[in-house]
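# Fold the following for me, if possible:
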Amino acid sequence: MRINQTRWADLLLFISILFGAILRFAPTIISGLPINDGGMFYVMIQDLINNHFLIPAFTSYNHILIPFAYPPLSFYIGGLLSSLGIPILEIIRWIPPLVSTLSILAFYWMASLMLNSNTKAALATMAYALIPRSFSWYVMGGGLSRSFGIFFLLLACASTWVLFTKHEKKYIILSAFFGAGAILSHPETGLHTLAACVLIWFFKGRTALGARNAALVVLSVFVLISPWLGAVLVQHGMDPFLSAIHAGGHDPFFWIPWITFDFAEERFATLFTVLALIGLALQFIRRDWFLPIWLLIPFIVEPRSATAIAAIPLVMLAGIGLSDFVLPNLATIFSKTFDRNSDWTIYMAGSRVVRVILGYVLFSALIGGFYYDLSLARIVVNLKSRDAMSWVQNNTPSNSRFIVLTGDIGPFSDPIVEWFPAFTSRLSQNTIQGKEWLLGSDFTSYRDQIGILQSCLNDTPLCVENWANINHIAFDYIYIEKSTDYSTPGLLIHLLRQDSQYAQIYENEAVVIFGRR
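Residues are numbered from 1 along each chain as shown. You can find the predicted model right below:
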């Protein structure tokens with residue numbers, strides 16, 4: 001059956017949404033558990049419910065008086081779903097991939113506006129749906145907030161673009177609603193949304209009318225976020241926000257991923273990154289600076305999550321590279337009847353070579369995405385570790401202090417360390433989640449110290465004790481994952497068993513726990 005050329009873009013969009021949804025749901029289906037993080041959010045939802053949906057002063061997570069300053073929209077959604085009888089753990093499993101899938105549709109709306117073409121937007125949406133960086137951190141447990149943040153960022157950018165190009169009043173309300181949604185979902189995404197919308201205003205709205213509309217949007221956003229912002233300021237002042245600024249990852253080398261284009265997290269051949277470089281070159285030639293500048297801005301505004309935001313203009317550049325260079329040149333090479341300036345759907349309708357090449361891009365990206373999914377599905381708290389944590393909750397004093405050793409020097413990708421306080425209701429001395437609201441300028445050094453502690457998994461008990469003394473940290477127990485992707489801590493376990501200062505109090509196939517005498 002021949003497909004009409006106007007239907008090719010619709011078909012590609014449908015396939016992209018379908019495959020994108022599969023890639024987003026696959027990790028949690030394979031694992032049967034929340035991916036990676038989300039332990040702190042699990043507790044914060046419980047805290048919100050226990051406080052009758054009023055924002056409490058502190059979260060009970062990890063018992064260190066972390067201010068409940070995190071944007072709460074996703075916690076309210078989680079709490080409301082929980083009130084319907086859905087377990088919080090299942091909410092944290094399924095809502096992130098669901099919202100991340102909806103973000104594909106939000107991206108398509110935004111891309112169709114910015115590229116001024118539904119067919120180019122379909123190509124860009126294919127790239128967005130399939131590159132790992134568009135979903136990796138959004139389908140995890142912590143994606144409960146991150147996925148809502150990026151969803152509202154995309155909607156805010158689309159709505160702002162229409163506001164400044166068509167000046168329709170309803171988009172003042174929509175832009176404010178979506179912008180507030182981004183801010184109330186995730187702190188870093190809120191900053192990136194503001195930066196993107198300012199950039200859109202700079203390119204599209206620098207008129208008196210545009211300035212007035214922008215002011216109305218800003219004022220409306222402030223009104224919408226004021227209940228949360230006011231509650232935090234009354235209880236804590238500016239201290240939590242000033243502290244969190246230091247967790248943004250600013251350092252002299254923030255620009256390296258931008259220079260190297262090493263942030264799409266593609267597996268095998270980095271097809272979309274190469275296509276984006278072609279699109280970037282075309283935009284330079286055309287002196288169309290919006291997407292190239294947007295590609296840079298996130299690394300200046302907030303480097304820690306910049307790669308996730310930069311992936312948005314990256315895939316739009318990939319769509320341009322495909323539609324304006326790769327497919328036209330392929331079509332004209334193999335058939336002189338094609339006009340190089342035609343829409344790519346015409347090439348699809350008339351050239352088998354173009355269909356094969358685009359099919360290869362789609363298939364290759366899908367295989368790479370599945371390969372990435374398999375690695376994501378392994379980053380979970382396995383059932384044996386859950387058993388050990390349950391034992392801790394039931395058999396240790398409520399004021400117990402733990403050091404948790406897994407060998408993972410990356411504190412943001414260590415599910416054991418983050419979920420330990422949530423599943424045990426005990427204090428973990430080396431859990432970083434929540435410390436961004438407390439440590440201020442000491443946050444980075446604390447993060448580095450956690451990596452040093454995890455290296456003790458291959459050392460002696462003295463390594464752990466020296467670390468605790470240097471950092472003025474007290475502990476009662478050492479929790480050890482016996483076999484991880486990073487090391488097999490046989491030496492440390494053996495020496496702890498021989499050390500008269502420690503007593504083994506628990507062991508199963510995955511975990512061994514020692515108490516200090």
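
# After the helix or strand of the chain with the lowest mean pLDDT, which helix or strand is next?
One helix or strand of the chain scores below all others by mean pLDDT, DSSP states H and E: helix 256-260, with a mean of 63. Remark: after helix 256-260, the chain's next helix or strand is helix 271-286, criterion DSSP states H and E.

# List the buried residues of that next one.
271-280, 282-283 (16 or more other C-beta atoms under 10 Å). C-betas here are computed from N, CA, C, even on glycine.

# now swap in stretch 497-510 and tell me
Across stretch 497-510, burial judged by 16+ other C-beta under 10 Å covers 502, 506, 510.

# which one of the residues you listed is nearest residue 217?
residue 510 (51.0 Å; C-beta to C-beta).

# correct me, but the closest one touches residue 382?
Yes - Residue 510 sits in contact with residue 382 when judged by C-beta atoms under 8 Å, with a separation of 6.3 Å.

# Name the next helix or strand following the helix or strand containing residue 312 along the chain.
Per DSSP H and E: residue 312 is located in helix 306-321. Later in the chain than helix 306-321, the nearest helix or strand by DSSP H and E is helix 327-334.

# Tell me what angle that following helix forms with helix 306-321.
Helix 327-334 and helix 306-321 are oriented at 30 degrees to each other (axes from the mean of the first three to the mean of the last three C-alpha atoms, to 10 degrees).

# list the helices and strands helix 327-334 packs on?
Here helix 327-334 touches helix 344-350, helix 352-376, going by 3 or more C-beta pairs under 8 Å, 6 or more residues apart in numbering; DSSP states H and E.

# Need the winner for burial among those.
Ranked by mean neighbour count, those are led by helix 344-350 with a mean of 22 (mean count of other C-beta atoms under 10 Å).

# helix, strand or coil for residue 404?
Look at residue 404: counting by DSSP: H, G, I helix; E, B strand; the rest coil, its state is strand.

# Can you list the low-confidence ranges for this structure?
Where the chain drops to pLDDT under 70, the residues are 1-6, 248-269, 336-340, 484-488.

# domains of the protein?
Domain ranges of the chain: 5-375, 383-516, per automatic domain parsing.

# what's the most buried one of these?
The stretch of the domains of the chain with the highest mean neighbour count (mean count of other C-beta under 10 Å) is domain 5-375, at a mean of 20.

# which residues are in contact with stretch 466-480?
388, 392, 396, 400-405, 420, 429, 449, 452-453, 456-457, 464, 489, 492-493, 496, 502, 505, 511-516 (C-beta atoms under 8 Å, 6 or more residues apart in numbering).

# Return the subset of those residues lying in helices.
Using DSSP state H, the subset of the contacts of stretch 466-480 located in helices is 388, 392, 420, 449, 452-453, 464, 492-493, 496.

# Looking at those residues, which one is closest to residue 164?
Nearest to residue 164 among the ones in helices among the contacts of stretch 466-480, counting by C-beta to C-beta, is residue 449 at 46.2 Å.

# Apart from its neighbours in sequence, what residue is nearest the closest one?
residue 471 (5.8 Å; C-beta to C-beta, 6 or more residues apart in numbering).

# Quickly note the distance from the one you found to residue 455.
Using C-beta to C-beta, to the nearest Å, residue 471 is found at 14 Å from residue 455.

# Then residue 342?
58 Å.

# same check, this time on residue 83
In this view, residue 83 and residue 455 are 44 Å apart by C-beta to C-beta.

# Strands along this protein, start to end?
Secondary structure of the chain (DSSP state E): strands located at 58-59, 66-67, 401-405, 427-428, 477-481, 502-507, 511-516.

# Quick check: neighbours of the last one in the sheet, parallel or antiparallel?
Think strand 511-516. Within its sheet, and counting by DSSP bridges, strand 511-516 is paired with strand 477-481 (antiparallel), strand 502-507 (antiparallel).
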